[in-house]
Structure formats: structure tokens, C-alpha cells
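1. Following is a predicted model, sequence given first.
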Amino acid sequence: MTAIRQIATDTAPAAIGPYSQAVIAGDTVYVSGQIPLDPASGQMVADDIDTQTRRVLDNLAAVLTAAGSGLDRVVRCDVFLADMGDFATMNTIYASYFDGPIPPARQTIQAARLPKDCRVEIGCIALLR
């Protein structure tokens, strides 16, 4: 049976509920959805989609690094937007973080409401290095 390990780092926002920032099972890292909280203050960053998307992806990268992985090892992302009107801006920023030859598989969904009324949340599945 594969052991499951919990990942927790202070370089990303602490979990705000009964879940882990990430877990490792086998050679795979499952990262919980990250929202645009500043890890130092625990506060939401500016309300614009550009700033929020960058913070979310930086938080995702921090959790992946703590797990021994990285954005270049992501195989799937789940993107949740409060407003699909933000898709083009989010997508441009997202593309700058995942600029390798094979971008991850992805789904993007508009959600009626996201945690702390943020504009974007992203979770992912990645391989260990």
C-alpha cells in the first residue's frame, strides 16, 4: 500500500479548513486549491484578476517546491473563476507560468462563489522530481 505524506509550508498560506496544502501519494503530488492570500499576512491581495492570479500561482509554486516538485512537473490544473469574463487575463498570466513545451491538462470552471470571495482558485496534480 502506498504511504500518504502531508505537505505543509509557511511559504504559502496555511490551510483555512480541515485539509492539507498538499499530499503526496506514490510519485504524485496533489495540491489543494490555492487562493490569493499573501502567505506572510494571511490577507487577500488586491482585487484585480492579474494580481490575484499571480499570487495564486506563486502560492501553488511554493507548495510544489515544499513537496519536492515544481510547476514544470504539473500534469493537470483545475481553475475556478468567479467570473468567466476574467478568463483572458487569467489565461495570459497562467501561460507565463506554464511556458514549457507541454502545458498541463486543465479545466476552467466558473463558480458561483469562491472562498473569501476571491476571483480565482487553482489546484493541481504534479509528479515528484
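-> All right, it came through fine. Numbers count the residues shown, from 1 in each chain.
2. Kindly spell out which helices and strands sit in contact with the longest helix seen in the chain.
-> Of all the segments assigned as helix in the chain under DSSP state H, the longest by residue count is helix 49-67. When contacts are defined as 3 or more Cβ pairs under 8 Å, 6 or more residues apart in numbering; DSSP states H and E, helix 49-67 sits against strand 4-7, strand 22-25, strand 28-34, helix 87-97, strand 120-127. Heads up, the C-betas are built off the backbone N, CA and C, glycines and all.
3. Need the pLDDT of Ala15.
-> On pLDDT, Ala15 comes in at 90.
4. Please, which helix or strand holds it?
-> Using DSSP states H and E, Ala15 maps to neither a helix nor a strand.
5. on that earlier part again, okay, angle between the longest helix of the chain and strand 120-127 too, please.
-> Interaxial angle, helix 49-67 versus strand 120-127 (axes from the mean of the first three to the mean of the last three Cα atoms, to 10 degrees): 30 degrees.
6. what residues does helix 49-67 touch?
-> Contact partners of helix 49-67, identified using Cβ atoms under 8 Å, 6 or more residues apart in numbering, comprise 7-9, 11-13, 21-22, 24, 29, 31-32, 34-39, 45-46, 70-71, 73-74, 86, 89-90, 93-94, 97, 118-124, 126, 128.
7. Buried members of these into PyMOL, please.
-> In PyMOL, this line selects whichever of the contacts of helix 49-67 come out buried by 16 or more other Cβ atoms under 10 Å:
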select buried, resi 7+9+12+13+21+22+24+29+31+32+34+35+36+37+45+71+73+74+86+89+90+93+94+97+118+119+120+121+122+123+124+126
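8. what are the C-alpha coordinates of stretch 88-100, in PDB please?
-> Coordinates of each C-alpha in stretch 88-100 appear next as PDB, following Å, rounded to 0.1, in the frame of the first residue of the first chain:
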ATOM      1  CA  ALA A  88      -8.400  36.000 -21.000                       C
ATOM      2  CA  THR A  89      -6.400  37.800 -18.300                       C
ATOM      3  CA  MET A  90      -6.000  34.700 -16.100                       C
ATOM      4  CA  ASN A  91      -5.100  32.700 -19.200                       C
ATOM      5  CA  THR A  92      -2.300  35.100 -20.300                       C
ATOM      6  CA  ILE A  93      -0.700  35.000 -16.800                       C
ATOM      7  CA  TYR A  94      -1.200  31.300 -16.400                       C
ATOM      8  CA  ALA A  95       0.600  30.700 -19.800                       C
ATOM      9  CA  SER A  96       3.600  32.700 -18.500                       C
ATOM     10  CA  TYR A  97       3.900  30.300 -15.500                       C
ATOM     11  CA  PHE A  98       3.400  27.200 -17.600                       C
ATOM     12  CA  ASP A  99       5.600  28.000 -20.600                       C
ATOM     13  CA  GLY A 100       7.300  24.600 -21.100                       C
END
